[in-house]
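J.: structure for the following, please:
(2 chains)
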2 protein chains.
Amino acid sequence: MLTATPDLAGLTRASDNKILLFVMDGVGGLPHPSTGLTELEAAQIPTLDRLATEGSLALCEVAMPGLTCGSGPGHLALFGYDPLEHDVQRGVLEALGVNFDLRPGDLCARGNYCTVAESGDVADRRAGPLSTERNREVSALLVDQVSLPGHEFHVLPGKEHRFALVLRGPGLSGPLAETDPQRTGEPPHPIRALAPQAEGAAAVLTSFLDQARAVLAGEPDANFLLLRGLGNSPDLPAFPERYGVRALAVATYPMYRGITRLLGFDVPETGPGLDEQVQTVRENLADHDFVYFHVKETDSAGHAGDYDRKVRAHETADAALRELAPLFHTVVVSGDHCTPTGLLEHSWHPVPSLIHGPTVMPDLATAYSERACMQGGLGRPRTKDLLPLALAHALRLSKFGA
Amino acid sequence: MLTATPDLAGLTRASDNKILLFVMDGVGGLPHPSTGLTELEAAQIPTLDRLATEGSLALCEVAMPGLTCGSGPGHLALFGYDPLEHDVQRGVLEALGVNFDLRPGDLCARGNYCTVAESGDVADRRAGPLSTERNREVSALLVDQVSLPGHEFHVLPGKEHRFALVLRGPGLSGPLAETDPQRTGEPPHPIRALAPQAEGAAAVLTSFLDQARAVLAGEPDANFLLLRGLGNSPDLPAFPERYGVRALAVATYPMYRGITRLLGFDVPETGPGLDEQVQTVRENLADHDFVYFHVKETDSAGHAGDYDRKVRAHETADAALRELAPLFHTVVVSGDHCTPTGLLEHSWHPVPSLIHGPTVMPDLATAYSERACMQGGLGRPRTKDLLPLALAHALRLSKFGA
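T.: Numbers count the residues shown, from 1 in each chain, chains lettered A, B, ... in the order given. Just a heads-up that it's a prediction; the model follows:
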């Protein structure tokens, strides 16, 4: 079917041409009320403008028009996986975010320690909030005293009252409903299977919760826990096999490191700054064909609502790209979603994107910006189309049909 | 799956931001042979041009390239339902068009009274044509004398020889073939199920037709009837629940009032002119978040092949929009299909459309026209994408994935 991402594995071919996927997290914004310029339009980004002039631009729909994507779906799309087909629940991202070595099929949940009153109702959904130190103590109690014969489980403490729960073993399929009532004065919901195949997982989790309640009963603060965003770690086709590349991920934030490790990328230590990330690329490039390079600061500035900071983040990213671009045959620049500083959160706007390389048909654009990309030569692809386009431009795909 | 409109019901969130969907029926045309200007390009439409300048334009495919849509599919698309997934047969629209209170599952057909010769062949497909008065008499005979135990039926007289038939009750699924042979000198086709699940409905309709033949046998003109466009009233997810809005429809023509009532809109009396329609919006706006406003004259002028009249229709619509736009956070302008005056009927051309509001990324356009929309910042979405885009721009959708 035309709309499904076709399996390119049978079409990949060997090549020395290396590909850079340069991801500016949250790139793309809205005009400043005073100047009418977006952050990209205000920034001095000579490298991006040169690549735009020599290359071809696109505005990419991350998933579908109007849909604001989280970083998980956005990155799946950047890696060529349809984010509407591969649902990644928050629990999975939480486990990836604490650097846990997740495997396909692991059942994950995002947890809160909470305080339950004698009536059985939730009195405090964050147990205080709990201190990070107490979180570690309580988590250790669960690990020591809960027992799930036939299944492995991991309680991964996060900050304050937050943790991730990972269960591993047979018969742990979702979907499962959340237990968090989302308000105080109500009891936690029981674990509930949302489909017949989830009954086994529901039984195992119910046993976990029953034991946890007993283990934590004497604690003054965190005497129970709530689970949200339950889901299985996706069994995605591994990126290197799917695309015929040795893949390197250079990112500092745990979630991006986790999702790439899950997909089979090599993920060396790097950072904390873009200079160190560039150095990591240099050190590892000989052994890799495809490099994913993640810039976090553009998104952080967007969430902070700091226009000038986002402008500077683009300029810093541009300097890193000046170093990196000459090392690659084909360069793709995009983002996992927009984070306009005026909105302080992710948005649904399509993402300014470009492809540069010797096989690109250049368009008429001479700058990299939202409005330049509206007229871009690559039109309005879905973000998931960028990966096949990158492989094609690097001459890494053979012909379909005779 | 990408082609399906995903269920946004889980993503809607509360907001005070109100949305206007301003539909100019049949908007979009072709250049005048003398001037080279389309009706939109010739019209003085300062409000639409201002919204285009501040907003972002699109050319919308109503269903798919090359497909000319009727008003039914066109409106389903405008309301965010895929018109290729939700088949609405003409019989359903006919029943909606006479203000019948249709319910999901009702089996509908468009009927013609006809004259059958003694040979059994159709002698006149329109029975004269029958007068509207005789139509009422004949329809009353059927209502009085036909009996379908276990099922309810309604014969809804229209103009001249036309009527709508509605059957309600268990086991009335289509699809069913038409009985109209489309020419004289042939007998009417028997009712025929086009799939096994339609056998029950075919039996009930066959009983209806057998009785109708007996009841009408003595009539000099309308001694039988032909059925076309048979289909079930679609069981569509209700618009207010699907999108989390209190929805108001302001339209004068029965069909548009009927389809919105079927979808769960509030549909107050209004009209006959655009001024009265604007007043109806003002009176009902406090209790609604989403307003569908229908302009019929643009389409009527197109069907009449009257270029100057269509120009004036746009100008009148523009004046109404000048009053309405300031009342809303987000304004969407589009049509259910094009009706170029040069063609005198609906066409397959994509529909000039715009979105205006504080969260829109403006494009470079400074006018609302077919050619301006070709360069529009929103590209070439499907019409069904406009609704999710409108919700997104009004900040009424939360994030997909973490």
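
J.: where does the stretch 151-300 of chain A get nearest to chain B, residue-wise?
T.: Using Cβ to the nearest Cβ, the closest approach of the stretch 151-300 of chain A to chain B is made by residue A:229 at 7.0 Å. For every residue, glycine as well, the C-beta is placed using N, CA and C.

J.: what helix or strand is that residue located in?
T.: For residue A:229, the host element (DSSP states H and E) is strand A:224-232.

J.: quick one: that strand to chain centroid distance?
T.: 19 Å (Cα atoms, centre = their mean, to the nearest Å).

J.: what about chain A, any weak spots by pLDDT?
T.: For chain A, residues meeting the criterion pLDDT under 70 lie at A:1-6.

J.: got a list of what the most centrally placed residue in it touches?
T.: Nearest residue to the geometric centre of chain A (Cα atoms, centre = their mean): residue A:72, 3.2 Å. Taking Cβ atoms under 8 Å, 6 or more residues apart in numbering or on different chains, we find residue A:72 in contact with A:83, A:88, A:92, A:93, A:255, A:259, B:401, B:402.

J.: name the element it belongs to?
T.: helix A:71-78.

J.: that helix: what's the following helix or strand?
T.: Next along the chain after helix A:71-78, taking DSSP H and E as the criterion, comes helix A:90-97.

J.: ok, the nearest residue to residue A:131 once chain neighbours are set aside - how many residues close by?
T.: Take residue A:131 and drop its neighbours on the chain: the residue closest to it by Cβ to Cβ, 6 or more residues apart in numbering or on different chains is residue A:160, 7.0 Å away. Burial of residue A:160 is recorded as 17 neighbouring residues (other Cβ atoms under 10 Å in any protein chain shown).

J.: re earlier: ok, the residue nearest to the centre of chain A to residue A:228 distance?
T.: 15 Å (Cβ to Cβ, to the nearest Å).

J.: wait, residue A:225 sits on residue A:115?
T.: No. The pair residue A:225 / residue A:115 is not scored as a contact, 10.4 Å apart, by Cβ atoms under 8 Å.

J.: between these two, who's got more neighbours?
T.: Counted by other Cβ under 10 Å, residue A:225 and residue A:115 do not tie: residue A:225 has more neighbours, with 27 against 20.

J.: dump the residue contacts of the closest residue to chain B within chain A.
T.: Chain B sits closest to residue A:66 of chain A, with a gap of 3.1 Å, by Cβ to the nearest Cβ. Contacts for residue A:66 (Cβ under 8 Å, 6+ apart) come out as A:348, B:385, B:387, B:388, B:389, B:390, B:391, B:392, B:393, B:397.

J.: quick one: neighbours of the nearest residue to residue A:35 once chain neighbours are set aside, just the number.
T.: Spatial nearest neighbour of residue A:35, chain neighbours left out: residue A:42 (6.8 Å); criterion: Cβ to Cβ, 6+ apart. For residue A:42, the tally of surrounding residues (other Cβ under 10 Å) stands at 20.

J.: what's the answer for residue A:17, then?
T.: 17.

J.: go on, residue A:330?
T.: Neighbour count for residue A:330, taken as other Cβ under 10 Å: 25.

J.: list the contacts of it.
T.: Under the criterion of Cβ under 8 Å, 6+ apart, the neighbours of residue A:330 are A:17, A:18, A:19, A:20, A:355, A:356, A:357, A:359, A:360, A:390, A:393, A:394.

J.: phi and psi next, for the closest residue to it other than its chain neighbours.
T.: Nearest residue to residue A:330 in three dimensions, chain neighbours excluded: residue A:357, at 3.7 Å (Cβ to Cβ, 6+ apart). Per-residue torsions, residue A:357: phi 160, psi 170 (degrees, to the nearest 10).

J.: coming back round to it: just the CA coordinates of the helix holding residue A:72, formatted as PDB?
T.: Provided in PDB are the C-alpha atoms of helix A:71-78 (Å, rounded to 0.1, in the frame of the first residue of the first chain):
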ATOM      1  CA  SER A  71       9.900  13.700  21.100                       C
ATOM      2  CA  GLY A  72       9.300  10.000  20.900                       C
ATOM      3  CA  PRO A  73       7.000  10.000  17.900                       C
ATOM      4  CA  GLY A  74       9.100  12.800  16.400                       C
ATOM      5  CA  HIS A  75      12.300  10.800  16.600                       C
ATOM      6  CA  LEU A  76      10.700   7.600  15.300                       C
ATOM      7  CA  ALA A  77       9.600   9.700  12.200                       C
ATOM      8  CA  LEU A  78      13.100  11.100  11.800                       C
END
